[in-house]
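# Sharing a sequence plus its predicted fold:
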Amino acid sequence: MLVSLYLAFTDYNLFNPPQWVGLDNFVELFHDPQYLQSVGVTLTYVVIGTPLKLASALGVAMLLNRSSRVQGFYRSALYVPSLLGASVSIAIVWKAMFSNGGVVDEILSAVGIHLGGWVGSVTLAMPMMIILACWQFGAPMVIFLAGLKQIPGELYEAASLDGAGAFRKFIGVTLPMLGPVLLFNLILDTIGSFQIFAPAYIISGGQGGPAGATMFYTLYLYIQGFTDFRMGYASAMAWLLVVVLGIVTYLFFRSSKSWANYTGGEE
C-alpha cells in the first residue's frame, strides 16, 4: 500500500524507473472524460443496485423467517448465487443469456417484447449488471434472517394489540430493530458495489461495454494500469477510491446514530 501511494505521485510504466510528477496524476483525473464517465457509471450502479439488492435480500429473508421443514433447503438454495455470482464462469453464462438471441431475448420475444441483446445496448447494459447484483442477494439475506430471528415476538404482539397492520409493524418494529444489521449490510454491499470488476470485465470483454455504458471505476483502473501500463495513474485512481470509501463509510456511521438502534440503548 505504501508503494502504491508513492507511485500515485509518479509516472511509472512498469518498465522504467518511476519519475516523480507530484499531483499531476490527480489533476489529470479530473480532466479525463473517460475517468469522469467511469465515476458516473459506478455511482449509478451503487445508488440503484445496492438498495435494490438489499431490498431483495430483506424481502426474501422475511419470507423465510417462518417455521418450515424445508426452510434450510430454501435458505441454502437462495444463498448459492452469492457463492457463484462473482466467478468468471457465471459472468460468461450471464453474458450468453443476455446477448442477442440469448435465453432472455428469446423469452421476451415470445411475449412480444423485442429488445435485442442487452450486452450491446447502451440503455440495457447497466440494468443487466444491476439484475446480476440483485441475483447475488444470498449473503445479506442470511444476515437479515439472523437479525429477524433476534426480534422479540412480544413487540409484534404489542403492535397487534395497538391495531397495527403488517405495514406498520414493518415500519415501526422490523426496520428499527434491524438497524444495526441494515447498517452492516449497507456498508459491506456499498463497498462491494464500488469495487465491482470481474462481471464488468467479462461481460464487456474488458472494453467497458457499448459507449462505455459499463466502464466501471475498477475496470478503467485496470485498463490504465495493466493495458496502458500507466501504473502511477492507476495508483492515483486506487487511492482516490480508498478515500471515497472511507468518507462514505464514515457518513454511514454518523447517520446511523439516528436510525440504527441497539438493544442496550448504546450507539
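Received it, and whenever you're ready, just let me know what you need.
# Which helix runs longest in this protein?
Under DSSP state H, the helix in the chain containing the largest number of residues is helix 33-64.
# so after that helix, what's the next helix or strand?
helix 71-84 (DSSP states H and E).
# I'd like the next helix or strand past that next one.
If you walk from helix 71-84 toward the C-terminus, the next helix or strand you reach (DSSP H and E) is helix 88-98.
# the inter-axis angle of that following helix versus helix 71-84?
Inter-element angle recorded for helix 88-98 and helix 71-84: 90 degrees (by axes from the mean of the first three to the mean of the last three Cα atoms, to 10 degrees).
# quick one: buried residues of helix 88-98?
For helix 88-98, a neighbour-count test (16 or more other Cβ atoms under 10 Å) marks 90, 91, 94, 95, 97, 98 as buried. For glycine as for every other residue, the C-beta is placed from the backbone atoms N, C-alpha and C.
# Can you check what angle separates the longest helix of the chain from helix 71-84?
Per the same axes, to 10 degrees, the angle that helix 33-64 makes with helix 71-84 is 170 degrees.
# Show me what helix 33-64 is packed against.
Other elements packing on helix 33-64 under the criterion 3 or more Cβ pairs under 8 Å, 6 or more residues apart in numbering; DSSP states H and E are helix 71-84, helix 125-135, helix 138-148, helix 179-194, helix 217-222.
# Out of those, the one nearest residue 110 is which?
Shortest distance between residue 110 and these, using Cβ to Cβ, is found for helix 125-135: 18.8 Å.
# C-alpha coordinates for that closest one, PDB please?
Backbone C-alpha positions of helix 125-135 (Å, rounded to 0.1, in the frame of the first residue of the first chain) are rendered in PDB as follows:
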ATOM      1  CA  ALA A 125     -26.300  -2.900 -20.300                       C
ATOM      2  CA  MET A 126     -26.500  -1.200 -16.800                       C
ATOM      3  CA  PRO A 127     -29.900  -2.800 -15.900                       C
ATOM      4  CA  MET A 128     -28.400  -6.100 -16.800                       C
ATOM      5  CA  MET A 129     -25.500  -5.600 -14.400                       C
ATOM      6  CA  ILE A 130     -27.900  -4.400 -11.700                       C
ATOM      7  CA  ILE A 131     -30.000  -7.600 -12.200                       C
ATOM      8  CA  LEU A 132     -26.900  -9.700 -11.700                       C
ATOM      9  CA  ALA A 133     -26.100  -7.800  -8.500                       C
ATOM     10  CA  CYS A 134     -29.700  -8.400  -7.200                       C
ATOM     11  CA  TRP A 135     -29.400 -12.100  -8.100                       C
END
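# Buried residues in that helix, which are they?
Neighbour-count burial for helix 125-135 flags 125, 126, 128, 129, 130, 132, 133, 134, 135 (criterion: 16+ other Cβ under 10 Å).
# again, but for stretch 27-46
For stretch 27-46, the neighbour count (16+ other Cβ under 10 Å) marks 32, 35, 37, 38, 39, 41, 42, 45, 46 as buried.
# I'd like to know which helix or strand in the chain has the lowest mean pLDDT.
Comparing every helix and strand of the chain by mean pLDDT, DSSP states H and E singles out helix 71-84 as the least confident one, with a mean of 72.
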